[in-house]
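> I need the structure of the sequence given here:
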Amino acid sequence: MRVAFYAPMKAPDHPVPSGDRRMARQLIAALEHAGHRVELACRLRSYDGRGDTARQARLRAIGGRLAERLTARMERRPSDTRPDLWLTYHAYHKAPDWLGPRLSQALGIPYVLAEAAYAPKQAGGRWAAGHAAMPETVAAADLVFALSARDVGCVSPLMRPSAELRRLVPFLDPAPYSEARANREAVRHALAAIHGLDPAQPWLAVAAMMRTGDKLASYRLLARSLELLADRPWQMAVVGGGPAAAEVKAAFSTIGKGRIAWLGERDTADVADVLAAADLYVWPGVNEAYGIAYLEAQAAGLPVVAMATAGVPEVVADGRSGRLVPLDDCGAFAGAIARLLDDPDERRAVGAAAARHVATVHGFARAVATLDDGLRRARIIHAARAGDGPS
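Down below sits the predicted model:
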């Protein structure tokens, strides 16, 4: 079927990389793999990170005008080129969907949400307009894909009785990471030569944007943890950039020189190479919805050390594909890293288990089947709601 795709948080072709952009691209790839034709319906970014009520009001007004224009434009198209279904990825109070519910109703097509979130504690806060819109947005949906188990309890009560909620576990295509693992030694020696790393030492790896808030908090927790490991041999490759780069690097100023290679922003292929060349992925993950970088690291055969916060336990199997420690416990975080640094056999065994975990639980084929079946079911639900077919 023809799917109109919209990501109010960040369009899949946005120039700044992030986990959100990556998952949007993965969703499109999975839908196309299932045989659907996907068009990017709009690039309007409704995200407001500051809690600026005036900006939110402007975005809402812009969304309303765009909805009218897009509806008129789509209605003028030949019937066999119009979308059969609208899918919005990642709508929540900071990035509400001002388009999908209106357009899908006007065009008479199913409305589907993937990763919709509703936080009751945000009522009356700085994002009141977006928060107030979410119950109506969810109620308009014929089907909701929940990427996080945490969202189910808050979203499901907002849904119509006839609508369905389905779990879609975070996923990626592990093939590029498997290929990178096959070239591990060549890539490792190339990176060592370029960035002054020692291939004889264990390498830690991080791939994360450098932004204020939770990302910066995670980098600071990581720096404090690594300070406790000064007596062990290790080096670290950091992939990422952003507006808080100076603060991030300042957090690691007490780490000895020559320990850290700052690789900057890299494309997906380069990230796969860096991860496959490393030995251990270390990232606290403060308030991560799930963290697609954890899936990337595990697909590349890396054991993960993280903190048991938010959605991290949904993608890292504690004791099998990695080690999870309590939030803010830098001593425990450092201890988990130390145990894997000290035991190469365990490190390799956990890394192999991590790759299997992603392939079996978070693999691409499973997501393709879940999405395809869900979209077909959404059309049945919508037809029944419109009185055109059985429920």
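
> quick one, strands of the chain?
Shown for the chain, the strands assigned by DSSP state E span residues 2-6, 37-40, 85-89, 111-114, 143-146, 164-167, 203-207, 235-239, 260-264, 280-282, 304-307, 322-325.

> which secondary structure elements does the third one contact?
The one in question is strand 85-89. The elements that strand 85-89 packs onto, with contact taken as 3 or more Cβ pairs under 8 Å, 6 or more residues apart in numbering; DSSP states H and E, are strand 2-6, helix 19-33, helix 100-107, strand 111-114, helix 364-385. Using the backbone N, CA and C atoms, a C-beta is placed for each residue, glycine as well.

> Could you pull out the buried residues of the least confident helix or strand in the chain by mean pLDDT?
Across the helices and strands of the chain, mean confidence by mean pLDDT, DSSP states H and E is lowest for helix 149-155: a mean of 88. Buried residues in helix 149-155, counted by 16 or more other Cβ atoms under 10 Å: Asp151, Cys154, Val155.

> from these, which single one is nearest Pro170?
Nearest to Pro170 among those, counting by Cβ to Cβ, is Asp151 at 12.0 Å.

> Check whether that closest one really touches Ala114, as I assumed.
No: in this structure Asp151 lies outside contact range of Ala114 using Cβ atoms under 8 Å: 10.7 Å.

> Quick one: closest of the strands of the chain to Pro313.
So among those, strand 322-325 is nearest, using Cβ to Cβ, at 6.2 Å.

> And the average pLDDT for that closest one is what?
Strand 322-325 shows an average pLDDT of 97 in the prediction.

> now what about that strand, what contacts it?
Strand 322-325 is contacted from outside by 281, 294, 298, 303-308, 312-313, 316, 318, 332-333, 335-336, 339-340, 350, 354, using Cβ atoms under 8 Å, 6 or more residues apart in numbering.

> for the residue nearest the centre of the chain, what are its contacts?
Most central in the chain under Cα atoms, centre = their mean is Gly19, positioned 3.9 Å from the mean C-alpha point. Counting by Cβ under 8 Å, 6+ apart, Gly19 makes contact with Gly291, Ile292, Ala293.

> Select only the buried ones of these in PyMOL?
In PyMOL syntax, the buried subset of the contacts of Gly19 is picked out as below (16+ other Cβ under 10 Å):
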select buried, resi 291+292+293
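
> Which of the contacts of Gly19 fall in helices?
Secondary structure from DSSP state H places Ile292, Ala293 of those in helices.

> Closest one of the contacts of Gly19 to Glu39?
Ile292 (23.5 Å).

> pretty sure that closest one is in contact with Pro170, am I right?
Yes: counting by Cβ under 8 Å, Ile292 touches Pro170, with 6.3 Å between them.

> Residues that sit against both of those two, list them.
Residues touching both Ile292 and Pro170 by Cβ under 8 Å, 6+ apart: Met23.

> got JSON lines for the contacts of Gly19, with pLDDT too?
Below are the contacts of Gly19 laid out as JSON lines (pLDDT from 0 to 100):
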{"residue": "Gly291", "pLDDT": "86"}
{"residue": "Ile292", "pLDDT": "90"}
{"residue": "Ala293", "pLDDT": "93"}
